[in-house]
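**Student:** sequence first, then the predicted structure:
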Amino acid sequence: MAEIPGYSGDVSFTSFLTTCKSFVIEHTCDLEDVTAFDASVSGVKTYAPTLKDWTATLEMNYSTANNQTPGTSALLTLTVDATSYYNGSAFLQSMTVNEAVDGIVTQTGVFQGTGLLSLS
């Protein structure tokens, strides 16, 4: 598979996040220990998958248009390139403004997925 250039990415969540410059998606699955007495696998644990979960973290240049408040929910679409994107319903969990004397003002948004995360 060929590498995909990062400049192809895009984000939408209601009407903001037009200044997004990077995102990270963490798609996880809880695993439960189902180890039982079994002489054939002595000393080795076994697991079974249970619930799935996902979060997304977005890094953005500061914009007053990014005025959503934590608790806001909408469809979050994270575009990888012209043909690939992730989407799912999410809550804005937190929005942090970062300012430093030697840089530009940025924002970090953390989103908690609710329901399935699909890849199209």
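**Tutor:** Perfect, I can see it now.
**Student:** number of nearby residues for the closest residue to Tyr62 other than its chain neighbours?
**Tutor:** With sequence-adjacent residues excluded and distances taken as CB to CB, 6 or more residues apart in numbering, Tyr62 is closest to Val105, at 3.8 Å. In this view, the C-beta of every residue, glycine as well, is placed from N, C-alpha and C. Neighbourhood size, Val105 [other CB atoms under 10 Å]: 12.
**Student:** got it, and the one 5 residues further on?
**Tutor:** When counting by other CB under 10 Å, one arrives at 17 neighbours for Val110.
**Student:** the chain: strands as residue ranges?
**Tutor:** Along the chain, the stretches classed as strands by DSSP state E are 10-13, 20-33, 47-61, 73-79, 85-98, 106-113, 118-119.
**Student:** averaging pLDDT over each of those strands, report the lowest-scoring one.
**Tutor:** Sorting the strands of the chain by mean pLDDT places strand 10-13 lowest, at a mean of 64.
**Student:** mind listing the residues bridging to the residue nearest the centre of the chain?
**Tutor:** Nearest to the geometric centre of the chain sits Ala56, at 1.6 Å (CA atoms, centre = their mean). Ala56 has these beta-bridge partners by DSSP bridges: Ile25, Phe111.
**Student:** any idea how far it lies from Pro49?
**Tutor:** 21 Å (CB to CB, to the nearest Å).
**Student:** got it, and Thr106?
**Tutor:** Counting by CB to CB, the gap from Thr106 to Pro49 is 36 Å.
**Student:** got it, and Ala65?
**Tutor:** Ala65 is 40 Å from Pro49, by CB to CB.
**Student:** list the contacts of the nearest residue to Lys21 once chain neighbours are set aside.
**Tutor:** Using CB to CB, 6+ apart and skipping the chain neighbours, the partner closest in space to Lys21 is Glu59 (5.6 Å). Residues in contact with Glu59 (CB atoms under 8 Å, 6 or more residues apart in numbering) are 20-23, 106-108.
**Student:** could you do Tyr85 as well?
**Tutor:** 77-79, 119-120.
**Student:** of the residues you listed, which is the nearest to Thr35?
**Tutor:** Leu119 (32.2 Å; CB to CB).
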